[in-house]
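> Could you work out the structure for the sequence below:
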Amino acid sequence: MIAELRDAAVAPLWSGLDLVVDKGEFIAVLGPNGVGKSTLLGTLMGTRKLTHGSAHVNGRVGFIPQQHMFPKDLPVRGRDLVSWAMGKRTPKADVEAQLASVGAHAFADQRVGLLSGGQQQLIRQAQAFSQDPELLLADEPLLSLDPARARDTVVRLHEHPAAVVCVTHSINPVLGVVDRVLYLGPKGHVIGDVSEVMRSEVLSELYGTRVDVVEVDGRMVVL
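Okay, the predicted model is just below:
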């Protein structure tokens, strides 16, 4: 067990949440806007207090935050951010290897504020992985990435030995690697494998209204 929430609540978003994250597990967190998906990650990082229950994490945490653009005039290179995350005594070769591992070495010497949204996301990935995390928390890590880099990111998350809790707006990009789904809805939550959670009757109960889950060209769509 790498992380655990017991009878956890952050009022008024969600309550009664029991979640155990095991080593090497990949959990996708889904749900509509405003139900507290990012808040859940905050409780595991210790930056958001629970209003009830308990949260425990046993191990190093890496975090890929939800995308926000760096100021254009920020006088810092991507390489600098990764180097600072790794520690000032880290050999340059190790910093370069970390940048290369996420495909960010080609633009690492540019000021981060002048990078595209996708490039900034890769720098944040390098920062998170540089912590050698045992629990990796990712908040919409695929935003602004082109399809090829999004696929590479999913593979990278999956192949890393850390347990992964990934907030995503769609199950489809992670469908091939996810172990369990936590779906937060307006009327509650449900945890289980994809076949248990992504069903019309289950999501209809969470939304309190009719919701259809259909498959279109091999992709799950929630209507």
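
> Can you show me the helices along this protein?
Secondary structure of the chain by DSSP state H: the helices cover 37-45, 78-86, 92-101, 117-129, 147-159, 194-197, 200-207.

> most packed of the ones you listed?
Stretch with highest mean neighbour count among the helices of the chain: helix 117-129 (a mean of 23; mean count of other CB atoms under 10 Å). Any C-beta I mention is one placed from the backbone N, CA and C, and that applies to glycine too.

> Give the bridge partners for the residue nearest to the spatial centre of the chain, please.
Central residue of the chain (CA atoms, centre = their mean): Ala138, 1.8 Å from the mean position. When bridges are called by DSSP bridges, Ala138 pairs up with Ile64, Cys166.

> Relative to His105, how far out is Val165?
From Val165 across to His105, the span is 28 Å (CB to CB, to the nearest Å).

> quick one: which of the two has more around it?
Per other CB atoms under 10 Å, whichever of Val165 and His105 has more neighbours is Val165, with 24 against 18.

> Tell me how far that one lies from Leu44.
The spacing between Val165 and Leu44, counted by CB to CB, is 7 Å.

> which residues do the two both contact?
Residues touching both Val165 and Leu44 (CB atoms under 8 Å, 6 or more residues apart in numbering) are Ala3, Leu135, Leu137.

> The second one is in contact with Val57, isn't it?
Yes - when contacts are counted by CB atoms under 8 Å, Leu135 is listed as touching Val57 (6.0 Å).

> Count the residues that sit near the closest residue to Met86 other than its chain neighbours.
Nearest in space to Met86, with sequence neighbours left out and distances taken as CB to CB, 6 or more residues apart in numbering, is Ser130 at 4.6 Å. Residues within reach of Ser130, counting by other CB under 10 Å, total 23.

> do you know how far Ser130 is from Leu41?
From Ser130 over to Leu41 the distance is 19 Å, taken as CB to CB.
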